[in-house]
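> quick one, fold the following:
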Amino acid sequence: MELRQLRYFTKVCELGSFGKAALDLGLATSALSQQVSRLERELSTRLLQRQSTGVVPTDAGLAFLQQAQLILRHADDAVRAAQQARLSGHVNIGLASTTAAVLALPLLRAMASRYPAVRVHLVEALSGHLTEMLNARRLDLAIVFRTDTARRWSVTPLLDEKLYVLGAAGLPGLPTSDRVRLAQLRELPLILPSASHGLRALLDAAFARVRVSPKVVAEIDGLSTLMDAVRGGFGATIQPGAATARLNDPALVRSLVVDAQAGRHSLLASLCDDELSPAALAARVVLADTARTLVRGGQWFGATVHKQRD
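Purely as a prediction, here's the structure:
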């Protein structure tokens, strides 16, 4: 019997459905059902009664559920005690400005809560600079938007982000619809980050696919200054929804870019596992958990959790 089987069983009981439990656990429904069936075979008793509307625990299942919940609480307490008593050190984490606008403070709070003895060094920089810092081993992990596959990194797809045209109301050429295609932006004056920025590389490739040369009137590599210029009417910009996290400006008009390839994929990149300290390994898990929690809670505008393909 494994702890994960107990977690699976209690989740099915909690939600009353294999399908809902599988979705919550990030498993295929068939895989979840197989694990519970194995548990029943090991115990030589039926724990769940399958019905047309879902599942309910049998009498044996109810008795087992109470003990399983107790075991899981004790196991979680043991893990927390071990982590809080022993895990210390430091970790260097890199975030792009748009990502940091949403993730930085929740990440710091989560690390302080779970690993108070771990010192976090947070670096906010252009994604291209984050890549260089990872390669130079000045960062342990970072969220980046493209990778150098020649390097020995551990890379996990994390989030998929939609892109939006942002501009001050009344700017000539600004889309009037809440949805727009890149081909419609031919005459729109744009303020974009420079080529060292991962977002710029993505946008250049997307514009090239639709055979449009964007009208770039300025390049600014700082998010705050870039958005100041946009609010001042010097041009529009194209950014992920996270770029608006530090803003509350009703004067800005926002249009979703609907081109299929115009989206940003956030990747959690780190040094390979055998180069990471225990503190960095733990921080990597906390970072991923925190990002996904923000998305699922509706706190990361325009982002969805990346779905792994079978």
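> now do the helix ranked longest in the chain, average pLDDT.
In the chain, taking DSSP state H as the definition, the longest helix is helix 59-86. What helix 59-86 shows for mean pLDDT is 79.
> show me how this structure divides into domains.
3-84, 89-159+265-305, 161-263 (the TED database).
> ok, back up a step: can you point out the buried residues in the longest helix of the chain?
61, 64-65, 68 (16 or more other Cβ atoms under 10 Å). All C-beta spots, glycine's among them, are computed from the backbone N, C-alpha and C.
> and of the residues you listed, the nearest to Cys272?
Cys272 has its nearest neighbour among these in Ala68, at 36.5 Å by Cβ to Cβ.
> how close does the closest one sit to Pro57?
From Ala68 across to Pro57, the span is 10 Å (Cβ to Cβ, to the nearest Å).
> one more: Ala279?
Distance, Ala279 to Pro57, using Cβ to Cβ: 40 Å.
> can you name the next helix or strand after the lowest-mean-pLDDT helix or strand in the chain?
The helix or strand of the chain with the poorest confidence is helix 59-86; it has a mean of 79 (mean pLDDT, DSSP states H and E). Next helix or strand after helix 59-86 toward the C-terminus (DSSP states H and E): strand 89-95.
> tell me which strands that following strand pairs with, and in which orientation.
Strand pairing for strand 89-95, using DSSP bridges, gives strand 118-124 (parallel), strand 141-144 (parallel).
> put together TSV for the ones you listed, with mean neighbour count on each row.
Converted to TSV, the strands paired with strand 89-95 look like this (neighbours: other Cβ atoms under 10 Å):
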stretch	mean neighbour count
strand 118-124	16
strand 141-144	25
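> so where's the stretch 101-250 of the chain uncertain?
147-151, 245-248 (pLDDT under 70).
> how about Pro175: what's its closest non-neighbour residue?
Among residues not flanking Pro175 along the chain, Ser255 sits closest, at 4.3 Å (Cβ to Cβ, 6 or more residues apart in numbering).
> count of neighbours near the one you found?
Number of residues near Ser255 (other Cβ atoms under 10 Å) recorded here: 22.
> what are the bridge partners for it, then?
Here Ser255, judged by DSSP bridges, has bridge partners Val165.
> so who does it touch?
With contact taken as Cβ atoms under 8 Å, 6 or more residues apart in numbering, Ser255 is in contact with 164-165, 175, 177-180.
> and the contacts of stretch 203-213?
163, 181-183, 185-186, 192, 195, 214, 238, 259, 261-262.
> dump these into JSON lines; add secondary structure, neighbour count and distance to Asp140 as well.
Below are these laid out as JSON lines (DSSP: H, G, I helix; E, B strand; the rest coil; neighbours: other Cβ atoms under 10 Å; distance: Cβ to Cβ, whole Å):
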{"residue": "Leu163", "secondary structure": "strand", "neighbour count": "24", "distance to Asp140": "29"}
{"residue": "Arg181", "secondary structure": "coil", "neighbour count": "15", "distance to Asp140": "39"}
{"residue": "Leu182", "secondary structure": "helix", "neighbour count": "24", "distance to Asp140": "36"}
{"residue": "Ala183", "secondary structure": "helix", "neighbour count": "12", "distance to Asp140": "41"}
{"residue": "Leu185", "secondary structure": "helix", "neighbour count": "23", "distance to Asp140": "38"}
{"residue": "Arg186", "secondary structure": "coil", "neighbour count": "14", "distance to Asp140": "43"}
{"residue": "Leu192", "secondary structure": "strand", "neighbour count": "23", "distance to Asp140": "30"}
{"residue": "Ala195", "secondary structure": "coil", "neighbour count": "10", "distance to Asp140": "26"}
{"residue": "Pro214", "secondary structure": "coil", "neighbour count": "19", "distance to Asp140": "36"}
{"residue": "Ile238", "secondary structure": "strand", "neighbour count": "28", "distance to Asp140": "31"}
{"residue": "Asp259", "secondary structure": "coil", "neighbour count": "15", "distance to Asp140": "35"}
{"residue": "Gln261", "secondary structure": "coil", "neighbour count": "11", "distance to Asp140": "31"}
{"residue": "Ala262", "secondary structure": "coil", "neighbour count": "20", "distance to Asp140": "31"}
